[in-house]
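Visitor: coordinates for the following, if possible.
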Amino acid sequence: MAKIKVVYGSVGGNTELVCEKAQEVLEKAGNSVELLEARLADPVYAADADLLILACPTYGIGELEHFFEIFLGKLAAVDLKGKKCAIIGLGDPKYDKDYHLESARIIMEFLQKKEAKILHMPLRISKNPMVLIPTGFVDRWAEKINELMK
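Guide: Numbering: from 1, shown residues only. Down below sits the predicted model:
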């Protein structure tokens, strides 16, 4: 059983919904999963897990959710070398067609600079995730993450 922590930023609740679905799938596979809101998360505590999942929507022209951006700034002081990580990025092209999923790229670059081990390609969801959740899209990503944890 792996200990997984998911730190997310969410204003409208869509990112939180996706994280809850991933949590459900990962727990069903026998893992312990804790969801942490970025505005309340302690970076040292968050990184103390077998797997750290970072999840954030994108606003404007490639901007991170405010509290998640603050969390990421604090996480910069934590040693993540070799830490298993995964990424969830949401966005809506109503903000900008070209940069609406930029959060996933920003988080990936951050983790690469910190020499973390990114287990799989980021889960990227454009527009309303409620359309994709029933299709098993999030489930398949979480199942793949679980498989790669072993």
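
Visitor: which residue is nearest the middle of this structure?
Guide: Residue closest to the average C-alpha location in the chain (C-alpha atoms, centre = their mean): Ala55, at 2.5 Å.

Visitor: ok, the host helix or strand of that residue: who's next to it in the sheet?
Guide: Taking DSSP states H and E as the criterion, Ala55 maps to strand 51-59. Paired strands of strand 51-59, with direction, are strand 3-8 (parallel), strand 63-64 (antiparallel), strand 84-91 (parallel) (DSSP bridges).

Visitor: dump those into a markdown table; add mean pLDDT, distance to Asp42 and mean neighbour count as well.
Guide: For the C-beta atoms, the positions are set from N, CA and C on the backbone; glycine is no exception. A markdown table is the format used below for the strands paired with strand 51-59 (pLDDT from 0 to 100; distance: least, C-beta to C-beta, whole Å; neighbours: other C-beta atoms under 10 Å):
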| stretch | mean pLDDT | distance to Asp42 | mean neighbour count |
| --- | --- | --- | --- |
| strand 3-8 | 98 | 10 | 23 |
| strand 63-64 | 94 | 18 | 20 |
| strand 84-91 | 97 | 17 | 25 |
